[in-house]
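Asker: Have a look at this fold, sequence not included:
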Ligand SMILES: Nc1nc2c(ncn2[C@@H]2O[C@H](COP(=O)(O)OP(=O)(O)OP(=O)(O)O)[C@@H](O)[C@H]2O)c(=O)[nH]1
């Protein structure tokens, strides 16, 4: 029988398939669910950071507004008091401590752009000129307060922006311009931004809409245009400079994947930005994904194990059937051990195997019968007779009783065929066989040996002198005309008889009987002959 490799079994393959499917579907479902949650949570985190950015932007805006307002009120006061001369201007400014609190320095510049006075000293008044500076020119032209582009202070060397406010006389003539500077490296609103920095490596920054960096954790980047820096401008910043407000997930200049947000101030050409590395921003999400996948993996493994158990239990009847069939094949059990009552596929398979086995047994029995039987007369054929005779010889070797053999031939059978046809010949053969069987004991072996020749093996004879009666009976049985043609057909037979004992062989007995038949034929047929005279034993003596 074929040996089945443990991994080649249906059970093993089903287990692998079920486990793989359960595991795969579990993991895929988990990934799908985690992705949806992650997307929503990422949006939450992004929106939260953007809200933070917006509040920071509003705060800067308000701070700048209040600084502008302070400068405007100062200018108004100077106009009302008609403060014009540099000494008076300086004295007036010194009387306003809030200027010092709010600004790094405050200066007055005359209508020609020449420095009139500086609150904190620095370059000598009357010498420095800012006539070429764009913020001065814009103030003069627009006659309104302005916010300068970021620049490096000529007086202090610090990165600053300036708020300006023109002071007019009663006739509306420009007397001078107040310019108050904010030190970008020390500005309070930027310090506030630093306090809002997200995570360990996140930061906030401020650029102008032209791309000049106003505030950044890396002080070397101050006053530089992002477009001029190494690596150029990152796409998200380009979008922000073009007017985009919002957040994206992109790489920052250092190549770190980050949540990057931009918020443009409403009244100032500044953009507040935030960079929050995704590894930190979404750290809880990453942990959640790992936990979800791990737990799904464990759940899928447990489901796979349960699947394995279910398969083992469900396939147990199939395994039982396999064992039953194997033991039937080995001959350890009969076909009846198969359970035919199950009402499932295994039951159907059992019934199919059962009926196949029975059909096969019947077919084998039929072919065995055909192989051992003469199809015309239904008697044993020669082969069967020889087997049976060998068995009888073996048996009688143990019991020490004798065996008789009769060799028969229908007289002039050829003539019957020739005169009445082959079908009549066949009918004669059938009738002859029937009468022969009736003429002997039911336990005797009656066989059609060949053509019109028959053999009878008599088992359990005690002496050769029993043979004449047997021969006589057979010859007598054929004397009544055969009812195979109208008016009946006279059929006779010649019989040669032989007797054997413990040392006789099949060949020797058949040879003796055949020789006796020859004698019977020679004696004129329709009679029997026993090889030699009555008392003579063929082969060996019984004694
Ligand atoms: N109808 C029929 N004839 C058969 C069958 N088998 C053999 N025969 C014929 O039986 C005849 C046997 O003839 P023989 O034994 O040679 O001679 P016989 O005519 O019997 O003459 P004796 O034996 O000398 O009396 C042959 O003609 C065979 O063709 C069979 O199955 N059916």
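Answerer: Everything's here; your move. Please read all numbers here as calculations on a predicted model, not as lab measurements.
Asker: so who does the closest residue in space to residue 318 that isn't next to it in sequence touch?
Answerer: Distances taken as C-beta to C-beta, 6 or more residues apart in numbering put residue 346 closest to residue 318, at 5.5 Å, once the chain neighbours are dropped. All C-beta spots, glycine's among them, are computed from the backbone N, C-alpha and C. By C-beta atoms under 8 Å, 6 or more residues apart in numbering, the residues touching residue 346 are 317, 318, 321.
Asker: and the next element down the chain from the host helix or strand of residue 346?
Answerer: Here residue 346, judged by DSSP states H and E, is contained in helix 345-372. The helix or strand immediately downstream of helix 345-372 is helix 382-399, counting by DSSP H and E.
Asker: still on that earlier bit, whichever of the contacts of residue 346 end up buried, select them in PyMOL.
Answerer: In PyMOL, a selection of the buried entries from these looks like this (16 or more other C-beta atoms under 10 Å):
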select buried, resi 317+321
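Asker: can you tell me which of the contacts of residue 346 are in helices?
Answerer: Residues from the contacts of residue 346 lying in helices, with DSSP state H as the criterion: 317, 318, 321.
Asker: What helix or strand is residue 498 located in?
Answerer: Element membership of residue 498, judged by DSSP H and E, is strand 493-500.
Asker: Which strands and helices lie in contact with that strand?
Answerer: For strand 493-500, the packing partners by 3 or more C-beta pairs under 8 Å, 6 or more residues apart in numbering; DSSP states H and E come out as strand 402-410, helix 467-477, helix 506-522, strand 528-530.
Asker: Give me the sheet partners of the shortest one and which way each runs.
Answerer: In other words, strand 528-530. Next to strand 528-530 in the sheet, as set by DSSP bridges, lie strand 493-500 (parallel).
Asker: Would the strand it pairs with count as contacting the ligand?
Answerer: No - residues of strand 493-500 are not located near the ligand by C-beta under 6 Å from any ligand atom, the shortest gap being 7.0 Å.
Asker: what's the angle from that strand to helix 506-522?
Answerer: Interaxial angle, strand 493-500 versus helix 506-522 (axes from the mean of the first three to the mean of the last three C-alpha atoms, to 10 degrees): 140 degrees.
Asker: Show the average pLDDT along strand 493-500.
Answerer: Across strand 493-500, pLDDT averages out at 94.
Asker: Return the distance of that strand from the chain's centre.
Answerer: Its chain's C-alpha centre lies 81 Å from the corresponding centre of strand 493-500 when counted by C-alpha atoms, centre = their mean, to the nearest Å.
Asker: try stretch 104-112
Answerer: 78 Å.
Asker: my guess is residue 498 contacts residue 405, does it?
Answerer: Yes - if you go by C-beta atoms under 8 Å, residue 498 and residue 405 touch, sitting 4.9 Å apart.
Asker: my guess is residue 174 meets residue 143, correct?
Answerer: Yes - using C-beta under 8 Å, residue 174 makes contact with residue 143 at a distance of 7.3 Å.
Asker: Between these two, which is the more surrounded one?
Answerer: residue 174 (15 against 11; other C-beta atoms under 10 Å).
Asker: quick one: low-confidence ranges for the stretch 1-150 of the chain?
Answerer: 1-6, 121-125 (pLDDT under 70).
Asker: can you pull out the helices in it?
Answerer: With DSSP state H, counting those that start in this stretch, the ranges of helices along the stretch 1-150 of the chain come out as 10-80, 86-94, 97-102, 134-142.
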